[in-house]
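Asker: this is a predicted model, with the sequence first.
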Amino acid sequence: MAKKTNKTDHVLNLLSTGEEMADTTNSAVVTTEEANHELADAIKESLEQEAGVEQEESLMKTPKNYVVINVMEQLVKDNVRYYMDKLEMCTCPRCTVDVMALSLTRLDAKYVVAKKEEVSPLLNYYSRKYEGNISIELMKAGRQVMETPHHADN
Ligand SMILES: [Zn+2]
């Protein structure tokens, strides 16, 4: 135990001696000063950035906490793949957007204004409410796209 401590002390002595020697040279002092300046600038900059971000966030929080949700589009987007898989049709990007566009044309548009944190429960609510209509229109649109797909035209 005692031996180890002595050894550690010796190493620490060596280290501190080395530092002292470096500090006495001019270049070391200049470097340290420059580093301090840089550090101060970096701290100042990050503080300014933080203040800016906070301001922007609070601006966004007050009037823009409400969002417009395109309920029908969101629900069609969430369900389109399920019905396309059910029909065992092509699920390439072109066919997918075609099915979405066709069903959305036939479904009533539904826009809702809500707070951001209310979006998810609202979508759950409307999902149950419009489940039947969405299912019918997605199946119809899917069959139509299956019969006359546009993906070959790319
Ligand atoms: Zn396709």
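Answerer: Looks like it arrived, so ask away.

Asker: Tyr111 and Glu73 touch, don't they?
Answerer: No - with contacts counted by CB atoms under 8 Å, Tyr111 stays clear of Glu73, the gap being 9.4 Å. Yep, even glycine has a C-beta here, placed from its N, CA and C like the rest.

Asker: so between those two, which is more surrounded?
Answerer: Glu73 (16 against 10; other CB atoms under 10 Å).

Asker: so which strand or helix has the more buried one?
Answerer: Here Glu73, judged by DSSP states H and E, is contained in helix 71-86.

Asker: near the ion, which residues of the protein?
Answerer: Within reach of the ion by CB under 5 Å from the ion, the chain has these residues: Cys90, Cys92, Cys95, His151.

Asker: report the buried members of the residues you listed.
Answerer: Cys95 (16 or more other CB atoms under 10 Å).

Asker: which of the residues of the chain next to the ion scores worst on pLDDT?
Answerer: Lowest pLDDT of the residues of the chain next to the ion: His151, 91.

Asker: not counting sequence-adjacent ones, nearest residue to it?
Answerer: Using CB to CB, 6 or more residues apart in numbering and skipping the chain neighbours, the partner closest in space to His151 is Arg94 (4.3 Å).

Asker: contact partners of the helix or strand that neighbour falls within?
Answerer: Arg94 is part of helix 93-106, with elements assigned from DSSP H and E. Residues outside helix 93-106 that contact it (CB atoms under 8 Å, 6 or more residues apart in numbering): 72-73, 76-77, 80-81, 83-84, 89, 134, 137-138, 140-142, 144-145, 149-151, 154.

Asker: dump the C-alpha coordinates for it into CSV.
Answerer: Taking Å, rounded to 0.1, in the frame of the first residue of the first chain, the C-alpha atoms of helix 93-106 are listed here in CSV:
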residue,chain,number,x,y,z
PRO,A,93,-45.3,4.0,-55.0
ARG,A,94,-47.3,4.9,-58.1
CYS,A,95,-50.2,2.4,-57.4
THR,A,96,-50.2,3.5,-53.7
VAL,A,97,-50.7,7.2,-54.5
ASP,A,98,-53.3,6.3,-57.2
VAL,A,99,-55.3,4.3,-54.6
MET,A,100,-55.0,7.2,-52.1
ALA,A,101,-56.1,9.8,-54.6
LEU,A,102,-59.0,7.9,-55.9
SER,A,103,-60.4,7.1,-52.4
LEU,A,104,-59.8,10.7,-51.2
THR,A,105,-61.8,12.0,-54.1
ARG,A,106,-64.7,9.9,-53.1
